[in-house]
Structure formats: C-alpha cells, structure tokens
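Participant: curious how this folds, go ahead:
(one chain, ligands or ions: 2)
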Amino acid sequence: MAAVDTTQIFKTDIFKGKVLLCSGGGSGICRGMTEAMVNHGANAVIISRNFEKLQQAADEMNKATNGGEIFPVQADVRKVEDLENAVAKTIEKFGRLDFLINGAAGNFLAPFDNLSYNAFRTVIEIDLLGSFNLTKAALQHLRASNGAIINVSATLHYTGTIFQQHAGAAKAGIDALTKHWAVELGPSGVRVNGIAPGPIAATEGLSRLAGDLLDPEQIPVQRVGDIRDIAQSTVFLFSQGASFITGQTLVVDGGHYLQTCSPAYPQSALAAVPDNDSKL
Ligand code: COA
Ligand code: NAP
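Facilitator: Residues are numbered from 1 along each chain as shown. Ligands and ions are numbered 1, 2, ... in the order given. As a prediction, this is how the structure comes out:
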C-alpha cells in the first residue's frame, strides 16, 4: 500500500488563481503540502524564521513544481508584527488569500523533570499561539475569498504519549481551535479543518521523536507515512469535494494511534486463537 503522487488523483488545475499562505512551508510535511497545492495551480507564500532556508526551499520548489509560484517571507509565528507583514506581502504579491496552513511547530522529547518552564511555554507559543496569531492576521482576507484553513495537529494527545506533554497540550488546543473556528467562521464562508499526521518518514519530527525505534509492522497498514500522504489529504480538504466538511481533524496515520491503544499481537500468537469457524 505505497503512497501515491497527488497529481495522479486530482485534476491539476483545481486551485488555479488561488493563493496559499503556509507557516513552516520551507521544510518537511508543510513543504510537501505547499508543493501539492502549487502543483494544482495555487500560488503560495511560505513563512518561517530562517530566511536562507526558506529562500532555498522556494527556489527548489519553483524548479520542481508546475502551476503556481512560491514566494518566501521571513516570519516568527510568535511575533504578530512579522505575521501582519507576511499577510501584507501575500496580498501585495498575489492580490488575495484563499488558503491558510498553520504548520509551524517545535518539538523534542522531554521527561517531566527535564522540561523547564520555558521549554513548555516555548512549544505552546509556537504551535498554539502561533496558529491563533497567524489566523487572526489573515482572517479578513480569508473571509473575503470564502477561504479555508488547515491546522496541522498530531495524535500525541489522544493517548497521552510519554515525554510529549508540551506538544500534546499544544495540539489539543489546536484541535479545539479547529472546532471553535469552524462554528464561528462557517457562516462567513470560511471552512476550518485539521490534519493529524502519524509518523511520517524523512521528517524532522520523526527523527526527533522516534529515531530508528519505530517498527512499521506496528502500524496497521504496515508502513511509515510519506509526506505525500499528508499532501493528498491537504488537496482534498481544500478542494470543493470537501465543501461540506468543517471542524474535523483528519487522522492520517495508517491506523498507528489505534494500534498503540491495543496490545501488540504477534503473528505467532494467531496459532493459539481457537478456530470458531468449524463450530458454526
Ligand atoms: N529537551 C528539553 N528542553 C529543551 C530541548 C530538549 N531537547 N530543546 C530545547 N529545550 C528548552 C531550552 O532549554 C529552553 O528552555 P530554558 O530556557 O529553560 O533552558 C526552551 O526549550 C526554549 O529553547 P530555545 O532553543 O531558546 O527555543 P527556540 O525558540 O530557539 O527553538 C525549539 C524552539 C526548542 C522548539 C527548537 O527545537 C526548534 O526551533 N524547533 C523547530 C523544528 C522542530 O522542532 N521540528 C519538529 C516539529 S514536530
Ligand atoms: P519541520 O520540518 O521541522 O517543520 C516545522 C517548521 O516550522 C519548520 O519549517 C520551521 O522552520 C518552522 N518553525 C518552527 N518554529 C517556528 C516559528 N517560531 N515561527 C515560524 N516558523 C517556525 O517538521 P515536520 O516534522 O515536517 O513537522 C511539520 C508539522 O507536522 C508540525 O506541525 C508537526 O507538529 C506536525 N507533525 C509531524 C509529524 C511527523 O512525523 N513529522 C507527526 C505529527 C505531526 P524554521 O526553523 O525556519 O523556523
């Protein structure tokens, strides 16, 4: 069950003339989300703290994608003035704003005893407050275009993952915002959904949190996620095909978190299961 290219599934011009603003869009999962939107016709502004990294990512993506253009703007999601500038630059460059992805995040493994006051606050400020800040700065333009938002979440807080209380608390807050915004902004034409990725290969997040420890056989679909898995969900949730979906966080994890709620069941143990079929 390998991941497939989004361009094999959706028409390539469905976002022609539309504009995306994506925090964290210069790397990893959010870069893949941005590339998929651009490959379907959208223009995009990507923001993060490190402008050199952003510029390089934009140059590479502009070469690798067909469709729209990608424009980098330096911004720290903890600084409201940076975000107001990024939104103004988006309008100046592309004239409108249709889609917002709140993807910027920071994370690390930290046992309670090693998690300082400032470490907990830092992750809440980047992930949760950063999502609020960027959405507030962008909202009037999203309303004007009957736009849509995707908040990037996680599954950590579904099960109380060890050493992850800072990120779990931030993502739980983000999931709440997804619902509150869906209800409050829906009547003015703005849809709001979330995507909760499971373990995604070749990302900073996976290398920081799981390293080599993750066994693909512990994931029901028997593989680690691919950035394209999240990209496809992004294209779907922003598409007209999802126009009746709002306030939902789509878990894209191959069943991983469900499996973590259930004891591992080695294939060898199947031999011990009684054959009930013969008694039917
Ligand atoms: N374990 C425990 N505490 C840690 C830590 C770790 N691995 N890494 C950082 N911290 C603490 C710092 O010690 C500091 O606390 P202190 O002042 O009490 O010492 C606090 O977190 C803030 O660290 P700082 O480096 O000043 O923050 P920053 O704003 O420069 O960077 C981070 C933010 C810490 C989240 C950084 O890891 C980052 O930039 N991450 C972005 C990329 C990322 O995390 N990708 C994965 C997304 S899932
Ligand atoms: P990543 O590449 O490190 O992405 C995080 C991005 O956020 C970086 O581009 C970083 O760029 C930016 N960023 C961090 N702090 C910022 C700040 N203060 N202001 C602006 N931008 C900031 O990691 P990833 O693994 O792809 O994660 C992407 C998203 O998916 C995150 O929301 C993460 O929580 C979520 N997620 C990932 C996984 C996974 O398996 N990887 C699983 C579940 C959820 P700069 O350093 O340039 O600022």
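
Participant: quick one: low-confidence ranges for the stretch 1-150 of the chain?
Facilitator: 1, 4, 6-7 (pLDDT under 70).

Participant: tell me where the stretch 1-150 of the chain has strands.
Facilitator: For the stretch 1-150 of the chain, the strands defined by DSSP state E, counting those that start in this stretch cover 19-23, 43-48, 70-74, 99-102, 148-152.

Participant: adding distance to ligand 2 and mean neighbour count, write the ones you listed out as CSV.
Facilitator: In this view, the C-beta of every residue, glycine as well, is placed from N, C-alpha and C. Output for those, formatted as CSV (distance: least, CB to the nearest ligand atom, whole Å; neighbours: other CB atoms under 10 Å):
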stretch, distance to ligand 2, mean neighbour count
strand 19-23, 6, 29
strand 43-48, 3, 27
strand 70-74, 8, 22
strand 99-102, 8, 28
strand 148-152, 4, 26
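
Participant: tabulate these (TSV), appending distance to I91.
Facilitator: Shown next, in TSV, are the strands of the stretch 1-150 of the chain (distance: least, CB to CB, whole Å):
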stretch	distance to I91
strand 19-23	9
strand 43-48	10
strand 70-74	12
strand 99-102	13
strand 148-152	17
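
Participant: would you mind measuring from the nearest residue to G186 once chain neighbours are set aside to N146?
Facilitator: Counting by CB to CB, 6 or more residues apart in numbering, the nearest residue to G186 once its immediate chain neighbours are dropped is T246, at 5.7 Å. Relative to N146, T246 is positioned 12 Å away (CB to CB, to the nearest Å).

Participant: which one of the two is surrounded by more residues?
Facilitator: Neighbour tally, T246 and N146, criterion other CB atoms under 10 Å: the higher count belongs to T246, 20 against 12.

Participant: where does that one land in three-state SS?
Facilitator: coil (DSSP: H, G, I helix; E, B strand; the rest coil).

Participant: now R228: closest residue in space, sequence neighbours ignored.
Facilitator: A3 (4.4 Å).

Participant: out of the strands of the stretch 1-150 of the chain, which comes closest to L258?
Facilitator: strand 148-152 (20.1 Å; CB to CB).

Participant: now do that closest one: which elements does it pack against?
Facilitator: helix 28-39, strand 99-102, helix 130-144, helix 165-185, strand 191-197, helix 227-238 (3 or more CB pairs under 8 Å, 6 or more residues apart in numbering; DSSP states H and E).

Participant: so what's the residue count around the residue of the stretch 151-280 of the chain found nearest ligand 1?
Facilitator: Nearest to ligand 1, among the residues of the stretch 151-280 of the chain, is G205, at 3.2 Å (CB to the nearest ligand atom). Counted by other CB under 10 Å, the residues lying close to G205 total 17.

Participant: around ligand 1, pick out the residues from the protein.
Facilitator: 105-108, 110, 114, 116, 118-119, 122-123, 204-205, 208 (CB under 6 Å from any ligand atom).

Participant: recalculate using a threshold of 8 Å.
Facilitator: Residues of the chain that fall close to ligand 1, judged by CB under 8 Å from any ligand atom: 28, 49, 78, 105-110, 114-119, 121-123, 126, 154, 167, 203-205, 208-209.

Participant: quick one: contacts for the residue lying closest to D13 once chain neighbours are set aside?
Facilitator: Counting by CB to CB, 6+ apart, D13 lies nearest to G41, which is 4.6 Å off, once chain neighbours are set aside. By CB atoms under 8 Å, 6 or more residues apart in numbering, the contact list for G41 reads 12-18, 67-68.

Participant: for ChimeraX, what selects the buried ones among those residues?
Facilitator: Selecting only the buried entries of the contacts of G41 in ChimeraX, with 16 or more other CB atoms under 10 Å as the criterion:
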select :14,15,18,67,68
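
Participant: do you know how far the residue of the stretch 151-280 of the chain at minimum distance from ligand 2 is from A167?
Facilitator: Residue nearest to ligand 2 within the stretch 151-280 of the chain: G205 (2.5 Å; CB to the nearest ligand atom). Distance, G205 to A167, using CB to CB: 9 Å.
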